[in-house]
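Visitor: return atomic coordinates for the entry below.
(chains A, B, C and D)
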There are 4 protein chains.
Amino acid sequence: MPATPGVPAVRLLPIAQPLYSATMSSTAFDFGDGWFDPDEFARLRRRMPITYVNAVPVRLGADGAVQQIGLLLRSDSRGNLTRELVSGRVRYHESLREALIRHAENDLGPMALPQVPPSLQPFTVAEYFPTPGTGRLHDPRQHAIALCYVLPVRGECSPRQDALSLDWLTPTEALMPDIVSEMSLGQVHLLKQALAHLGQLP
Amino acid sequence: MPATPGVPAVRLLPIAQPLYSATMSSTAFDFGDGWFDPDEFARLRRRMPITYVNAVPVRLGADGAVQQIGLLLRSDSRGNLTRELVSGRVRYHESLREALIRHAENDLGPMALPQVPPSLQPFTVAEYFPTPGTGRLHDPRQHAIALCYVLPVRGECSPRQDALSLDWLTPTEALMPDIVSEMSLGQVHLLKQALAHLGQLP
Amino acid sequence: MPATPGVPAVRLLPIAQPLYSATMSSTAFDFGDGWFDPDEFARLRRRMPITYVNAVPVRLGADGAVQQIGLLLRSDSRGNLTRELVSGRVRYHESLREALIRHAENDLGPMALPQVPPSLQPFTVAEYFPTPGTGRLHDPRQHAIALCYVLPVRGECSPRQDALSLDWLTPTEALMPDIVSEMSLGQVHLLKQALAHLGQLP
Amino acid sequence: MPATPGVPAVRLLPIAQPLYSATMSSTAFDFGDGWFDPDEFARLRRRMPITYVNAVPVRLGADGAVQQIGLLLRSDSRGNLTRELVSGRVRYHESLREALIRHAENDLGPMALPQVPPSLQPFTVAEYFPTPGTGRLHDPRQHAIALCYVLPVRGECSPRQDALSLDWLTPTEALMPDIVSEMSLGQVHLLKQALAHLGQLP
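Guide: Sure, this is the predicted structure:
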């Protein structure tokens, strides 16, 4: 980072360099999703719980307080718009940190500069059941157990092919009825839990 | 509970009644371990991470501070004595609360009166890798991702057939070299994390 | 506890014995509120933050999930009804565990059998500012910094002289508009944070 | 930040700009330490608990895992070298975020770029008692109740006049006997709790 006149030179740590994803994917012991064919995996999802990570992308102010929440806007298979958190399963022999970075990059793009938290204590564990009404979170495909983290993001997010946009909303905006009505899988409950944990529930 | 002379009558809540396991197992939507034959499950454990719960049984003093830690003593397949925490996998469509109660009953007996914590935020998430040296926790059978809880126990624990005993140790005793050397899977690291979380790391 | 026909004898740990408060107050190194005269303390409250503990009394089901929240109903100096959480300051040389037990006994009576949590990590820290609008929590008397805990209660609660009643409400009931409108100091925000932490925010 | 050839332009958020401390001190409602004369404050410290923040400065790797711990080296009034965490009291009407930033700047210098965590849930609460032997943490001046946070630091730290240096140590190095023997106030216990919370206790 070249020095700017009037601003003292600051050596930023590697955390600010968008280089780790390449490093990560080459060092990760990664058997890939292809190891299961889709039919086999669809059946497995009906027989055992699948471990996931869920992440709530946030923009922080200078004092560390959350200013905005990032929600992905997608179009589902029936053409309905849905809002989602960053989410994905943990692969065999993949660490939780690797899974968080991989899914953040998948969903937010390579320049998002996500900050995986120093402690892996999740703010909650989300249980998605395939049977409607079993709990607040519902995933018709599977029983998923998701470790839920707050993910500060400092760079530019670029929506990927399967997402229409990533929208940054204040806590109040994120809980507006029109936004809430678009959230899928019951994730509005998870968002409220995150906001409460962050001291930002409106 | 009949009144005892000199002691004011206290209506204890259901939490003190050792009745819930029967209730739980009848209401749980339980496909059972038998749904996988052992060979198939052994192969699956090599292909995807398996979700576990780990629990550190504790005896609390009147002020809530931990006084003792419960460690299971088992004899492994080669006749070696090993010390373990309460541990087991989460079944398909089983809630984390149900899994904690089921494994606590399996390992501590039906009269242990375990107190599943009111919040499901774990104190940490343990990652057991099958490859030695990948992390601090190692399980040669599988990649397990375990949600870790402190489990206060108020009743009598009875060792089951596959456990030789359940020993209650103070934090200092639990970290004595002879006890530590018997702990398997690297769980001493988990025990230290639990004790630190509890403010009781010697 | 005498054996009941058909129920196996269970030796309960001291946690179930309503004896500790006497023990506590005799062992606590307690300089007492009287050490400050009211005028001096009122002035101090305007000069430095005062450390508090806040506790959300809860009734747990057999699986550890919260079923009910306890709210104190008081009549304030102007005769208005107000709902409050258990709350009080930490005295000089008093431990947080002692302060939690002392205030639980003050507010819930001697037979409440509160369970101080094994870990002193609070679910949040509440900041009450004396200036209206500075934050969500407001205490006109002082700047209070309150460590917030969930307090499972297993015995009988008896309202004390300065409280009209202790009402047990489900999470949904506790957030009904007529209840919320009676909550003072902005504590509804704290209650929501507790419910979110407990996975019970409606 | 000017674009560097070959590196995609990234708009960093304000978090990376060392501007907030000036902003903070002008907006904080700050009565200052001078509001108490030293004698009066010394007496108050003997009459009521004083609210503190403690922070463990850390350097994070690209995956968020802690790589190094920062310990301040000071010379105490008797000329002994002591190691300390970032620490300081919360002022009247000062928020916890403001207090963390103020003390980080005091102890680490204005270019440290500390990242105050998005959630104010501390990893533990430290209780320092003035009477030796009451607990693990001991402060002969006072009964202090300190909210403890992990504080990622991304910039350059400059030791201030009353600190000889800030040394960055790996978790293993930080717990070497010669370092531990220099830690004051029993803070080695706090450091171990932080490392356990971070999954980095050796």
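Visitor: okay, CA-based contacts and neighbour counts for the rest of this
Guide: Noted.
Visitor: show me which helix or strand of chain A is least confident by mean pLDDT.
Guide: Counting by mean pLDDT, DSSP states H and E, chain A has its least confident helix or strand at helix A:20-27, which shows a mean of 31.
Visitor: enumerate the residues of chain A near chain C.
Guide: Applying C-alpha under 8 Å from any C-alpha of the partner chain, one finds that chain A approaches chain C through A:Thr124, A:His189, A:Lys192, A:Gln193, A:Ala196, A:His197, A:Gly199, A:Leu201.
Visitor: of these, which belong to helices?
Guide: A:His189, A:Lys192, A:Gln193, A:Ala196, A:His197 (DSSP state H).
Visitor: any idea how many residues pack against the last one?
Guide: By the criterion of other C-alpha atoms under 10 Å in any protein chain shown, A:His197 has 23 neighbours.
Visitor: list the contacts of it.
Guide: Contacts of A:His197 were listed using C-alpha atoms under 8 Å, 6 or more residues apart in numbering or on different chains, and they are A:Phe123, C:Thr124, C:Gln193, C:Ala196, C:His197, D:Ser119, D:Gln121.
Visitor: could the residues you listed go into CSV alongside pLDDT?
Guide: Output for the contacts of A:His197, formatted as CSV (pLDDT from 0 to 100):
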residue, pLDDT
A:Phe123, 97
C:Thr124, 97
C:Gln193, 97
C:Ala196, 97
C:His197, 97
D:Ser119, 97
D:Gln121, 97
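Visitor: most neighbours of all the residues you listed, which one?
Guide: Greatest neighbour count in the contacts of A:His197, by other C-alpha under 10 Å, goes to C:Gln193: 27 neighbours.
Visitor: surely that one and A:Ala196 touch.
Guide: Yes - under the criterion of C-alpha atoms under 8 Å, C:Gln193 makes contact with A:Ala196 at 4.9 Å.
Visitor: render the CA-only coordinates of the helix or strand A:Arg43 falls within in CSV, please.
Guide: Using DSSP states H and E, A:Arg43 falls within helix A:38-44. The C-alpha trace of helix A:38-44 is given here as CSV (Å, rounded to 0.1, in the frame of the first residue of the first chain):
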residue,chain,number,x,y,z
PRO,A,38,-26.3,-36.1,-6.6
ASP,A,39,-28.7,-39.0,-6.2
GLU,A,40,-26.5,-40.6,-3.5
PHE,A,41,-26.2,-37.3,-1.7
ALA,A,42,-29.9,-36.6,-1.9
ARG,A,43,-30.5,-40.0,-0.2
LEU,A,44,-27.9,-39.4,2.5
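Visitor: show me what counts as buried in that helix.
Guide: The neighbour-count check on helix A:38-44 (16 or more other C-alpha atoms under 10 Å in any protein chain shown) flags A:Leu44 as buried.
Visitor: what's in contact with it?
Guide: Counting contacts by C-alpha under 8 Å, 6+ apart, the residues outside helix A:38-44 that touch it are A:Arg141.
Visitor: I'd like the average pLDDT over it.
Guide: Helix A:38-44 shows a mean pLDDT of 87.
Visitor: repeat that for stretch A:167-187.
Guide: 96.
Visitor: show me the contact partners of it.
Guide: A:67-73, A:81-85, A:128, A:136-139, A:188, A:195, A:200-202.
Visitor: ok, 7 Å please
Guide: For stretch A:167-187, contacts defined as C-alpha atoms under 7 Å, 6 or more residues apart in numbering or on different chains pick out A:67-72, A:81-84, A:136-139, A:188, A:200-202.
Visitor: tell me which of those fall in helices.
Guide: A:Val188.
Visitor: where exactly do the helices run in chain A?
Guide: Counting by DSSP H, chain A has helices at residues A:20-27, A:38-44, A:96-108, A:171-174, A:177-180, A:187-197.
Visitor: buried members of the contacts of stretch A:167-187 into ChimeraX, please.
Guide: Buried residues within those, by 16+ other C-alpha under 10 Å, are selected in ChimeraX with:
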select /A:67,68,69,70,71,72,82,83,84,136,137,138,139,188,200,201
